[in-house]
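# kindly return the folded structure for what I paste below:
(2 chains)
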Amino acid sequence: DAKTTQPPSMDCAEGRAANLPCNHSTISGNEYVYWYRQIHSQGPQYIIHGLKNNETNEMASLIITEDRKSSTLILPHATLRDTAVYYCIAFNSGGGADGLTFGKGTHLIIQP
Amino acid sequence: SQTIHQWPATLVQPVGSPLSLECTVEGTSNPNLYWYRQAAGRGLQLLFYSVGIGQISSEVPQNLSASRPQDRQFILSSKKLLLSDSGFYLCAWSVRGPNSPLHFGNGTRLTVT
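This is a model prediction of the structure:
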């Protein structure tokens, strides 16, 4: 799996958009970008994943640069409940069952 | 819809005692199943994964073992716990197939004393 680099922490004001960056400059062509978050003392929660195109779901949007070397997760209207550690992972299971490798992530703190 | 259950939520065990943590998945068939551990202040570490009944792959050699006696049941065990086994144990499942996201349970917080 390609290595990803994320800032260790970020702050965002409640109600504003939270933009979480991730660098994955060594990503290979068949690796997807996954985002998960982990609220304190809970299991990680899947947010979104994508390969090349931008993706959007009810939780967030994922913007992947054209060269795929970086991406941004966007929480459009952050709430206090979005305070969590956010993990960006570059991964291709290749049809097998290899598990994801989690790094240290970004601790996002939503300020009231 | 699919759900994943882990129990117990918390557990305190003495050093040298056995361990059995259970995970079950509902609402899906033939899932891939995973056990992760998160030590205090550290990242998630993949311990075991399984693609089917009786099929277990180990990522990290240690005094833990895993078994999958039924399609949607995954068990993590130890014969003799060590202090270093303390941590947050998470079970996860995914649909069989490439690049399916993992879905995690709420975990078991194990303290070995």
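# give me the phi and psi for the residue nearest the centre of chain A.
With distances taken as CA atoms, centre = their mean, residue A:35 lies nearest the centre of chain A, 3.2 Å away. Main-chain dihedrals, residue A:35, degrees, to the nearest 10: phi -130, psi 130.
# show me where chain B has its strands.
Counting by DSSP state E, one finds strands in chain B at the ranges B:3-7, B:10-13, B:19-26, B:32-38, B:44-52, B:55-58, B:64-70, B:73-78, B:87-94, B:103-104, B:108-112.
# in JSON lines: these, plus mean pLDDT and distance to residue A:40.
For glycine as for every other residue, the C-beta is placed from the backbone atoms N, C-alpha and C. Below are the strands of chain B laid out as JSON lines (pLDDT from 0 to 100; distance: least, CB to CB, whole Å):
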{"stretch": "strand B:3-7", "mean pLDDT": "93", "distance to residue A:40": "17"}
{"stretch": "strand B:10-13", "mean pLDDT": "96", "distance to residue A:40": "15"}
{"stretch": "strand B:19-26", "mean pLDDT": "96", "distance to residue A:40": "21"}
{"stretch": "strand B:32-38", "mean pLDDT": "94", "distance to residue A:40": "12"}
{"stretch": "strand B:44-52", "mean pLDDT": "91", "distance to residue A:40": "14"}
{"stretch": "strand B:55-58", "mean pLDDT": "90", "distance to residue A:40": "29"}
{"stretch": "strand B:64-70", "mean pLDDT": "96", "distance to residue A:40": "25"}
{"stretch": "strand B:73-78", "mean pLDDT": "96", "distance to residue A:40": "22"}
{"stretch": "strand B:87-94", "mean pLDDT": "95", "distance to residue A:40": "11"}
{"stretch": "strand B:103-104", "mean pLDDT": "94", "distance to residue A:40": "14"}
{"stretch": "strand B:108-112", "mean pLDDT": "96", "distance to residue A:40": "12"}
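# which residues touch the closest residue to residue A:98 other than its chain neighbours?
Leaving aside its sequence neighbours, residue A:98 sits nearest to residue B:49 (CB to CB, 6 or more residues apart in numbering or on different chains; 7.2 Å). By CB atoms under 8 Å, 6 or more residues apart in numbering or on different chains, residue B:49 lies in contact with A:97-99, B:32-35, B:56-57, B:59.
# what's the PyMOL line that selects buried ones from these?
Here is the PyMOL command that selects the buried residues among the contacts of residue B:49 (16 or more other CB atoms under 10 Å in any protein chain shown):
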select buried, (chain A and resi 97+98+99) or (chain B and resi 32+33+34+35+56+59)
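# what's around the residue in chain A that chain B sits nearest to, how many residues?
The minimum distance from chain A to chain B, using CB to the nearest CB, falls at residue A:43 (3.4 Å). Neighbour count for residue A:43, taken as other CB atoms under 10 Å in any protein chain shown: 23.
# no further queries at this time; thank you.
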